[in-house]
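# how would this look folded up:
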Amino acid sequence: MVKTKSSSTKAKLSSASKKNGTSKKEAIKSGKKAKSTEALADEIDGDLNEIEDILEKNDSEDEDVEPVVDIAESSDEAEEAEDADEAAEEESDNNAENDENEFEDEQGNISAPAPNTSVSEGSADKVNFDELNLSGPTQKAIEEMGFTKMTSVQAKTIPPLLAGRDVLGAAKTGSGKTLAFLIPAIELLYSLKFKPRNGTGVIVVTPTRELALQIFGVARELMKHHSQTFGIVIGGANRRAEAEKLIKGVNMLIATPGRLLDHLQNTKGFVFKNLKALIIDEADRILEIGFEEEMKQIIKILPREDRQSMLFSATQTTKVEDLARISLRKGPLYINVDEKHETSTANGLEQGYVVCDSDKRFLLLFSFLKRNIKKKVIVFLSSCNSVKFYGELLNYIDLPVLSLHGKQKQTSRTSTFFEFCNAKRGILVCTDVAARGLDIPAVDWIIQFDPPDDPRDYIHRVGRTARGSQGKGKSLMFLTPSELGFLRYLKAAKVPLNEYEFPTNKIANVQGQLEKLVSQNYMLNSAARDGYRAYLQAYASHSTKTVYQIDKLDLVKVAKSFGFPVPPKVNITIGASGKGVKRGRDAGHKGGNKRSKKEHQWTT
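Below you'll find the model as predicted:
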């Protein structure tokens, strides 16, 4: 259905658009302003049948269509991921041995041994885990996890960390850095014979709850044959239960910044005086989402003596350098495994973009998802309310999807994340909450329905597929004609893309049915209005102002992508003044937009 201008290789697109049997129309109940339930149900059923007829008609025409670029080939079945939803309840089950600890004094203080000089810092030529002289319990766990050879970042990072060096690391997403910092940390706890009474010896700080849960799951597998304890503290979880476990003694702690600082300041009995290693993962993301002050306070509270530190960041910004300066010892080892690479994204990733007017965006997305219903797809949007609307809409019209965004309760986020991880196929509609570090097995397609703010965000989004040295995956980014300038930024960031064309006669024209559903269902209408407003707000807040210019948006077309024939009146805040701006029906017409130089607001 989509063909590339830059490649002569073409393949036919799959026409898998069978009707899904799991209807979710009941997920959105009709509100007070809707018609009677029975009358509306009859009309909607008719509309859904029309949609299916359109799709079947398009599918039947596929045989006469010129072959196009492959955006729907079948992929290998994903290996089921282990369910870690209840993992936080298990960390205290690892009972420590009661033998004497030669590194512990009478007060329970741990003194670190001399650095392991038997491990060469130049051991990057080692390719197998069994060449690292790891402890028996760690080596056994690695073998049970199915790993034998190290990735490039692991081969360059693990030996110097085992030797006691501080490390500042930069690597592509999906490069295997979780094992790169967990293995040395676990070996440190093992060599010092940590017990629960010694408190916390290793802290891993990570930006999001989902990433913390994922790291916790990996740590649990690596430590299954060790006696040391491990745990997790994250926002949204039961703070009292966390505090009780910390008081009992958690040797390795995975945490998000806000909740960690809370426990450091307020949990009496939380022993961290013996801290021997601090790991800061996704440091650039931690700072981007506003945890700079929390990190400074955390580092100020934690003991520095005899502490090894590791900081990993995909990008080296001024703020990351400042954080490294206050957290690492002098002379850290800088490791960048990507310096010589020609591209900033994984080699197994096929990347493309499609130019599409705003009013055709949802129609194109809907057609694409229906034809890839048997694949594992992640769709990125710019705001929580947009995710809520499109998630509800797609489920309502019998295209089952999962939704993940920052406004959900933690239990819902965790459940959704692991449900999608364990699924062999499915669609996840999400914000950038899922874009950093998460290892979701066997993702076939990354769809950037709303374009990213900058190349860094693009790279992290597409990093959810083609993970590992042999990983394969595909990515498609939607751009309007006015957003094509973003391609210059991607080219400068060494991101190779092909342009795809999607024939307009192959797009399922369900605009009329979409507008009818939104107008007649009160809850969908309300969600659409919130999503429309959030989209405009997010667009106005883009940092790349030379590309994303809200003055150039055709609001009539934007409104159509949310199921409105004309733009609804919404209040949003744009610019430095922070005042609300009302947008009416004429906001999308030429000449209807004026820019106030004094207030830096776009008014109608």
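
# Could you pull out the buried residues of stretch 495-502?
Applying a neighbour-count criterion of 16 or more other C-beta atoms under 10 Å, one finds 495, 497, 499-500, 502 buried in stretch 495-502. (Glycine included, C-beta is placed from N, CA and C.)

# next one: stretch 315-331
Here stretch 315-331 shows 319-320, 323-324, 327-328 as buried, counting by 16+ other C-beta under 10 Å.

# how far does that stretch stretch from start to finish?
Stretch 315-331 has an end-to-end distance of 19 Å (C-alpha to C-alpha, to the nearest Å).

# neighbouring contacts of it?
Contact with stretch 315-331 is made by 166, 168, 170, 278, 280, 283-284, 287, 292, 295-296, 299, 309, 311, 313, 332, 456, as judged by C-beta atoms under 8 Å, 6 or more residues apart in numbering.

# Going through those, which ones are buried?
Neighbour-count burial (16+ other C-beta under 10 Å) is assigned, among the contacts of stretch 315-331, to 166, 168, 170, 278, 280, 283-284, 287, 295, 299, 309, 311, 313, 332, 456.

# Mind checking which of the residues you listed land in helices?
Members of the buried ones among the contacts of stretch 315-331 lying in helices (criterion: DSSP state H): 283-284, 287, 295, 299, 456.

# can you give me the mean pLDDT across stretch 275-292?
For stretch 275-292, mean pLDDT is 90.

# What's the end-to-end length of that stretch?
21 Å.

# Let the chain start at 54 from now.
Sure thing, new numbering starts at 54, so read that last one as stretch 328-345.

# Out of the buried residues of stretch 548-555, flag the one nearest to M530.
L550 (7.5 Å; C-beta to C-beta).

# Please identify which helix or strand holds the closest residue to the closest one other than its chain neighbours.
If the residues on either side of it in the chain are set aside, L550 comes closest to Q404, at 4.9 Å by C-beta to C-beta, 6 or more residues apart in numbering. In this structure, Q404 sits in strand 402-408 according to DSSP states H and E.

# Counting by contacts, list what that strand packs against.
The criterion is 3 or more C-beta pairs under 8 Å, 6 or more residues apart in numbering; DSSP states H and E, and the helices and strands that strand 402-408 contacts are strand 526-532, strand 551-554.

# Save these as TSV, and put in distance to K202 and mean pLDDT too.
Formatted as TSV, the helices and strands packed on strand 402-408 follow (distance: least, C-beta to C-beta, whole Å; pLDDT from 0 to 100):
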stretch	distance to K202	mean pLDDT
strand 526-532	21	91
strand 551-554	32	86
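
# Reformat those as JSON lines; add distance to G616.
Formatted as JSON lines, the entries for these read as follows, by distance: least, C-beta to C-beta, whole Å:
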{"stretch": "strand 526-532", "distance to G616": "17"}
{"stretch": "strand 551-554", "distance to G616": "25"}
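
# closest one to D492 among those strands?
strand 526-532 (12.8 Å).

# Run me through the strand neighbours of the closest one, direction for each.
If you go by DSSP bridges, strand 526-532 pairs up with strand 402-408 (parallel), strand 498-501 (parallel).

# Flag every buried residue along the first one.
Applying a neighbour-count criterion of 16+ other C-beta under 10 Å, the buried positions in strand 402-408 are 402-407.

# Need the residues that contact the helix or strand containing H316.
Using DSSP H and E, H316 maps to helix 310-319. Contacts of helix 310-319 with the rest of the structure, by C-beta under 8 Å, 6+ apart, involve 256, 258, 260, 286-288, 290, 292, 295-296, 299, 306, 308, 323, 325, 339, 344, 347-348, 350-351, 354-355.

# switch the cut-off to 10 Å
253, 256-260, 262, 265, 285-290, 292, 295-296, 299, 306-309, 323, 325, 333, 339-340, 342-351, 353-355 (C-beta atoms under 10 Å, 6 or more residues apart in numbering).

# Can you dump the C-alpha atoms of that helix in PDB for me?
Extracted in PDB, the C-alpha atoms of helix 310-319 (Å, rounded to 0.1, in the frame of the first residue of the first chain):
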ATOM      1  CA  PRO A 310      14.000   9.600  41.500                       C
ATOM      2  CA  GLY A 311      11.000  11.100  43.300                       C
ATOM      3  CA  ARG A 312      10.200   8.000  45.400                       C
ATOM      4  CA  LEU A 313      13.900   7.400  46.200                       C
ATOM      5  CA  LEU A 314      14.400  10.900  47.600                       C
ATOM      6  CA  ASP A 315      11.200  10.500  49.600                       C
ATOM      7  CA  HIS A 316      12.500   7.300  51.300                       C
ATOM      8  CA  LEU A 317      16.000   8.800  51.800                       C
ATOM      9  CA  GLN A 318      14.500  11.800  53.600                       C
ATOM     10  CA  ASN A 319      11.600  10.200  55.500                       C
END
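
# In it, which residues are buried?
Judged by neighbour count using 16+ other C-beta under 10 Å, the buried positions of helix 310-319 are 310, 312-317.

# and if you look at stretch 536-549?
When neighbours are counted by 16+ other C-beta under 10 Å, the buried residues of stretch 536-549 are found to be 536, 539-540, 542-543, 548.

# measure it end to end?
The first-to-last residue distance of stretch 536-549 comes to 17 Å (C-alpha to C-alpha).

# and for that stretch, what are the contacting residues?
Defining contact as C-beta under 10 Å, 6+ apart, one finds that stretch 536-549 is touched by 59, 391, 394-398, 402-406, 408, 504-509, 511-512, 515, 528, 530, 532, 550, 552, 592, 595, 597, 599-602, 605-606.

# out of those residues, which are buried?
Members of the contacts of stretch 536-549 classed as buried by 16+ other C-beta under 10 Å are 397-398, 402-406, 504-509, 511-512, 515, 528, 530, 532, 550, 552, 592, 595, 597, 600-602, 606.

# before we move on, back to that, any chance of the buried residues of stretch 548-555 in a markdown table, plus distance to P453?
Compiled in a markdown table, the buried residues of stretch 548-555 are given as follows (distance: C-beta to C-beta, whole Å):
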| residue | distance to P453 |
| --- | --- |
| V548 | 32 |
| L550 | 30 |
| E552 | 31 |
| Y553 | 26 |
| F555 | 23 |
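
# Great, nothing more from me.
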